[in-house]
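A.B. asks: Turn this into a structure:
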Amino acid sequence: APGARLSFIVHHAQSSIVAANRASLAAIRAIQEAELRAPFLAGGGFTLSAKLSALSRAHPGERLVAELSSSLPVRARAGGAKAAAWDAVEEILAQERTILEALDACCVAPEEMEGWLGPLRPSFAIRSVSSLRKENGDPIAWRIDASRL
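C.D. replies: So this is what the prediction gives:
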């Protein structure tokens, strides 16, 4: 209805949340490109350990890399359905990558804000755009308040 108010939050491209998501996305891409499947299915050994060590050095502190580095060698040495286990790992990585790529595509940098608001302007009067910040001043998100024309 004309005059209806709209208020929403959009991730700020310079937020620590977006930075953490980008780091996780980079780690997932590296895991997917590391060609871990063959050494995992072969039972682990030096090749799998070396690749996981390289990933750990390249992505320090990344939870997913740490989890895979501790669980894959053990699982690779165990008997059982390793192919099914690897398929499950790949499916989880693909799902997480899809989510992180969508979040990265949705964040807005300060220099992009005017262009981002452009499609809203024909239908909405933008009342305010403000940056929500942490106590230390770091940006978290944008708050956009508007009303329907």
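
A.B. asks: So the most centrally placed residue in the chain, which state does it fall into?
C.D. replies: Against the mean C-alpha coordinate of the chain, by CA atoms, centre = their mean, the closest residue is residue 100 at 2.9 Å. Using DSSP: H, G, I helix; E, B strand; the rest coil, the secondary structure recorded for residue 100 is helix.

A.B. asks: residues touching it, list them.
C.D. replies: When contacts are counted by CB atoms under 8 Å, 6 or more residues apart in numbering, residue 100 is found next to 21, 22, 24, 25, 28. For every residue, glycine as well, the C-beta is placed using N, CA and C.

A.B. asks: same question, residue 82
C.D. replies: Taking CB under 8 Å, 6+ apart, one finds 40, 41, 75, 76 in contact with residue 82.

A.B. asks: want to throw these into a markdown table with secondary structure and pLDDT?
C.D. replies: Shown next, in a markdown table, are these (DSSP: H, G, I helix; E, B strand; the rest coil; pLDDT from 0 to 100):
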| residue | secondary structure | pLDDT |
| --- | --- | --- |
| 40 | helix | 93 |
| 41 | helix | 91 |
| 75 | helix | 90 |
| 76 | helix | 91 |
